[in-house]
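Asks: Build the 3D model from these lines:
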Amino acid sequence: MEANEFLQKYRSGQKTFANVSLVGIDLQSFDLHKIDLSHASMSKANFASAKLCRSNLTGADLSYANLNGADLHRANLRHANLKGADLRKADLRGADLRGANLSWANLQETMFEGAQMSNVNLDNAKV
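Replies: Residues are numbered from 1 along each chain as shown. Predicted coordinates:
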């Protein structure tokens, strides 16, 4: 799905985009709170400074995505693939990261207070 089509549907009120392909999409600084992107393919996407709080990102592929400064507090990221993602200064307070892959991710200055992090893969993550 192209960015324009996605944004048109989102702005018209659609909040469920499960299993959608948004590989490489640029949604920097967009307000997408409470969106359902479960099992979506979003590798190499740009979500820098985007608002994704309370979003459902269960099983989403966010590998090598730019989430620098993104607001992901209370987001559901269970079993999400965040391998190599840039999460510098991201807000993951209260997020559900159980079973997520954060290997090779940049986690410098990321806020994790209250996050659920059992069985998280942190191999080679930069903290």
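
Asks: contacts and neighbour counts: CA atoms only from here.
Replies: Noted.

Asks: Mind jotting down where the helices sit in this structure?
Replies: Remark: helices assigned in the chain by DSSP state H are 3-11.

Asks: quick one: residue 45 and residue 2, what's the gap?
Replies: To residue 2, residue 45 is 12 Å away according to C-alpha to C-alpha, to the nearest Å.

Asks: do residue 76 as well
Replies: Distance from residue 76 to residue 2, by C-alpha to C-alpha: 24 Å.

Asks: For these two, indicate the residue with more neighbours.
Replies: residue 76 (28 against 12; other C-alpha atoms under 10 Å).

Asks: Give me the pLDDT value at that one.
Replies: Listed pLDDT for residue 76 reads 98.

Asks: So it sits against residue 97, correct?
Replies: Yes: the pair residue 76 and residue 97 passes the contact test of C-alpha atoms under 8 Å, sitting 6.9 Å apart.

Asks: Could you double-check that residue 3 sits in contact with residue 25?
Replies: Yes: if you go by C-alpha under 8 Å, residue 3 and residue 25 touch, sitting 6.1 Å apart.

Asks: more crowded one of these two?
Replies: With neighbours defined as other C-alpha under 10 Å, residue 3 and residue 25 compare such that residue 25 has more, 19 against 14.

Asks: Thought residue 4 was touching the more buried one, still the case?
Replies: No: at 9.9 Å, residue 25 and residue 4 do not qualify as touching, with contact defined as C-alpha under 8 Å.

Asks: Now the phi/psi pair for residue 53, please.
Replies: phi -60, psi 140 (degrees, to the nearest 10).

Asks: Spit out the contact partners of residue 60.
Replies: Taking C-alpha atoms under 8 Å, 6 or more residues apart in numbering, we find residue 60 in contact with 37, 38, 39, 40, 41, 42, 77, 79, 80, 81.
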